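**Student:** 3D, please:
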Amino acid sequence: MTIKEKVSYIQGLFDGMGLDKSDSKEARVLSEMLDVMQEVADQLETVDATLDELGEEIDALSDDLSDVEDVVFEDGEDEEDDEDLEPLTDLDDEDFVEMECPSCGETLVIDDTVLEAGTVDCPACGQKFAISFDGDCGEDGCSCGGDCGCD
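**Tutor:** Numbering: from 1, shown residues only. Modelled structure (predicted):
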């Protein structure tokens with residue numbers, strides 16, 4: 001039984017008692033309370049209907065989002081491990097250098113602006129270290145035996 005049905009049942013009991021609202025203050029109070037209860041029941045029914053509609057819309061949006069994820073991620077996976085990612089191959093080798101963090105061993109890809117600054121903050125461990133090239137490396141090749149990280 002819904003709230004609205006229960007309020008209607010109580011209203012029927014009140015009407016069946018045959019109380020006259022003009023004769024008794026108690027009957028008038030009960031009548032007003034029943035009117036308020038009826039309004040609350042009507043509003044609650046409207047809220048329930050709206051809630052059901054919103055639930056259906058959320059389900060439809062969830063289905064649409066799932067379809068978009070399937071297209072974007074192709075295989076339907078939501079999460080990928082870093083190991084599964086393909087290496088960046090479209091980077092110009094002249095603009096970036098790979099080097100290893102001396103603290104944690106993480107391989108870092110460093111661009112020209114960081115090279116010019118001369119220091120790197122490792123995103124993995126937070127350690128700050130200086131970049132130095134020991135040899136005089138030019139376009140002809142490395143003169144330091146490959147220990148400078150320029151290759």
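**Student:** So for the worst-scoring helix or strand of the chain on mean pLDDT, what gets flagged as buried?
**Tutor:** Within the chain, no helix or strand scores below helix 112-117, which has a mean of 79 by mean pLDDT, DSSP states H and E. Of the residues in helix 112-117, those with enough neighbours to count as buried (16 or more other C-beta atoms under 10 Å) are residue 114. Backbone N, C-alpha and C define where each C-beta goes, glycine included.
**Student:** can you give me the offset of that helix from its chain's centre?
**Tutor:** Put simply, helix 112-117 sits 34 Å off its chain's centre (C-alpha atoms, centre = their mean, to the nearest Å).
**Student:** Repeat that for stretch 1-13.
**Tutor:** 44 Å.
**Student:** Not counting its own residues, what contacts it?
**Tutor:** 34, 37-38, 40-42, 44-45 (C-beta atoms under 8 Å, 6 or more residues apart in numbering).
**Student:** can you do 10 Å?
**Tutor:** Contacts with stretch 1-13, where a contact means C-beta atoms under 10 Å, 6 or more residues apart in numbering, come from 30-31, 33-42, 44-45, 48.
**Student:** Ok, stretch 16-23 next?
**Tutor:** 14, 26-32.
**Student:** Sort out for me which of those are in helices.
**Tutor:** 14, 26-32 (DSSP state H).
**Student:** Got a quick PyMOL command for the buried subset of those?
**Tutor:** Selection of buried members from the ones in helices among the contacts of stretch 16-23 for PyMOL, criterion 16+ other C-beta under 10 Å:
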select buried, resi 14+27+30+31
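**Student:** which of the residues in stretch 46-57 are buried?
**Tutor:** So for stretch 46-57, nothing qualifies as buried (16+ other C-beta under 10 Å).
**Student:** Pull out the buried residues from the contacts of stretch 1-13.
**Tutor:** Here, 16+ other C-beta under 10 Å leaves 30-31, 34, 37-38, 41 buried among the contacts of stretch 1-13.
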